[in-house]
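Novice: Pasting a predicted model and its sequence here:
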Amino acid sequence: MTQTSELDLASSQSSEISLTSAEFKANPYPTFARLRACDPVYQYASSDDAHTTWLVTRYADAEMVLQDARFVKDRQHLSSPLGPRHPPSSAASPDDLFGMGLLSFDPPDHTRLRTLVNPFFTPRQLEQQRARIQAIADELIDDVAERGRMDLIEDFAFPLPMRVISEILGIPAEDRAQLHQWFKVIADVLDDPVAYQQASWCFQAVFDYVRDVIERKRQAPANDVITVLLEAEGEQISPRELVSMVFVLILTGHETTANLIGNGMLALMTHPEQLALIRDNPTLIKPAVEEFLRYHSPVTLSTFRWAREDIELGGKVIRRGDGVVVSLSSANRDETAFAQPDHPHLKRSENRHLAFGKGIHYCLGAPLARLEGQIAINTLVRRLPQLRLAVDPDTLEWRPGSTVMGVYHLPVVF
């Protein structure tokens with residue numbers, strides 16, 4: 001699990017700021033504001049004796065790093081020209097989950113794999129899912145309507161995207177609850193090296209499961225994405241890359257959306273004037289979802305990148321071989337890019353947030369996350385007009401790690 005382990009090591013050695021502390025996660029924005037003002041390219045930690053990890057916090061710098069080909073995802077390209085990756089001949093292992101796919105490849109391999117799955121996640125293709133997503137949202141609300149209360153995260157925000165991505169991929173319905181628990185563990189330990197090692201059992205379980213579901217599809221093809229990927233196995237995608245692809249699609253296909261829904265509803269319930277605005281004008285849902293993505297970005301940091309050459313940025317020199325991570329959350333609160341960045345404005349225009357990244361690694365599932373977020377939030381507001389928090393927002397527990405931004409539970413009454 002090379003890419004993640006490098007970031008874990010960097011995170012563990014930081015002595016000045018902690019991107020994973022409970023206090024920071026509850027409100028990271030003042031810290032990010034100070035970094036943008038005083039040290040926008042922050043020497044976060046040393047990843048080894050010779051190299052540094054840098055944290056980029058300003059919008060303009062973040063936008064540049066996310067698009068600049070001098071920052072690569074695959075460390076082997078520090079010493080070789082960009083070209084096809086030649087994977088080792090060793091047997092498949094849980095390391096393949098992160099190390100053999102879209103999250104860690106550069107062109108041309110990234111292009112090859114992305115081209116294979118892009119057709120399934122275009123806005124036009126996903127529009128065919130609208131009625132099904134709406135039906136799932138209504139079913140989930142029907143299940144809790146008579147209770148008068150629910151945990152908006154566990155009862156709604158996570159089940160909805162998990163059901164959608166499972167149906168798209170061809171994951172059996174009876175496996176979804178277990179997958180949700182496994183993937184929650186994985187997302188929460190990504191930048192904690194101790195917890196990461198302790199969760200090795202979970203990575204092994206997911207790896208074994210993904211290989212098993214692929215084999216079942218091989219024996220009994222169906223009308224789903226995994227079956228289509230299997231048809232491309234060999235020339236377009238290797239068996240190890242296929243395991244990584246299915247893993248990444250499940251992980252990103254529900255984590256981002258679940259946090260988008262939870263964070264968006266929390267923003268509405270803590271800003272009643274904005275809740276009233278969208279309740280009275282449901283057509284605002286598209287700009288509203290973009291604003292939720294900016295205001296509480298579901299993913300705090302970008303994935304890891306390496307500098308292929310010395311690069312000057314923000315008054316610092318990033319040396320060849322140094323690691324770089326972008327704070328998407330900080331860039332999306334940059335006062336030079338957004339007016340009144342610390343307040344949600346559902347009518348905000350020209351919302352060029354970076355919640356889904358930018359450049360060739362722009363989030364593949366962004367159109368699906370947007371569609372699910374729009375349907376989910378509008379349905380909640382329409383069907384539960386008295387929806388409100390059941391607890392003091394200051395008591396909410398934010399999930400650990402510096403990767404995801406979301407709360408564990410969101411108790412509400414209606």
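Specialist: Received it, and whenever you're ready, just let me know what you need. As the structure is a computational prediction, the values presented were derived from the model and not from experiment.
Novice: residues contacting Arg352?
Specialist: Shown in contact with Arg352 (Cβ atoms under 8 Å, 6 or more residues apart in numbering): Ala337. C-beta: built from backbone N, CA, C; applies to glycine.
Novice: which residues does Gln129 contact?
Specialist: Val164, Ile168, Leu368, Leu371.
Novice: So Phe356 sits against Tyr362, correct?
Specialist: Yes. Look at Phe356 against Tyr362 with Cβ atoms under 8 Å: they come within range, at 5.8 Å.
Novice: So those two - more neighbours on which side?
Specialist: Phe356 (20 against 13; other Cβ atoms under 10 Å).
Novice: Now do the helices in the stretch 251-400 of the chain.
Specialist: 272-280, 285-295, 328-331, 366-383 (DSSP state H, counting those that start in this stretch).
Novice: Can you tell me which of the contacts of Gln129 has the most neighbours?
Specialist: Leu368 (27 neighbours).
Novice: ok, and the residue nearest to that one when sequence neighbours are not counted, which helix or strand is that part of?
Specialist: Distances taken as Cβ to Cβ, 6 or more residues apart in numbering put Leu126 closest to Leu368, at 5.4 Å, once the chain neighbours are dropped. In this assignment (DSSP states H and E), Leu126 forms part of helix 123-126.
Novice: Who are the packing partners of that helix?
Specialist: Using 3 or more Cβ pairs under 8 Å, 6 or more residues apart in numbering; DSSP states H and E as the contact test, the elements touching helix 123-126 are helix 366-383.
Novice: wait, what's in contact with Arg70?
Specialist: By Cβ under 8 Å, 6+ apart, Arg70 lies in contact with Ala307, Arg308, Glu309, Ile311.
Novice: Next one: it from Val299, what distance?
Specialist: According to Cβ to Cβ, to the nearest Å, Arg70 and Val299 sit 23 Å apart.
Novice: who does the closest residue to Ala26 other than its chain neighbours bridge with?
Specialist: Distance criterion Cβ to Cβ, 6+ apart; nearest residue to Ala26, sequence neighbours excluded, is Trp398 at 5.6 Å. Legend: beta-bridge partners of Trp398 under DSSP bridges are Val407.
Novice: any idea how far Trp398 is from Asp192?
Specialist: Taken as Cβ to Cβ, the span from Trp398 to Asp192 is 14 Å.
Novice: Could you measure from the residue nearest to Leu368 over to Val326?
Specialist: Per Cβ to Cβ, Leu126 is found 26 Å from Val326.
Novice: three-state assignment of the residue located most distally from the centre of the chain?
Specialist: Computed with Cα atoms, centre = their mean, the residue of the chain farthest from its C-alpha average is Glu146, at 32.8 Å. Under DSSP: H, G, I helix; E, B strand; the rest coil, the three-state class of Glu146 is coil.
Novice: So for it, what's the pLDDT?
Specialist: Note for Glu146: predicted pLDDT of 95.
Novice: and it, what does it touch?
Specialist: By Cβ under 8 Å, 6+ apart, Glu146 has no neighbours at all.
Novice: following the one helix or strand in the chain whose mean pLDDT sits lowest, which helix or strand comes up?
Specialist: Across the helices and strands of the chain, mean confidence by mean pLDDT, DSSP states H and E is lowest for helix 2-12: a mean of 39. Heading C-terminal from helix 2-12, the first helix or strand you meet, by DSSP H and E, is helix 22-26.
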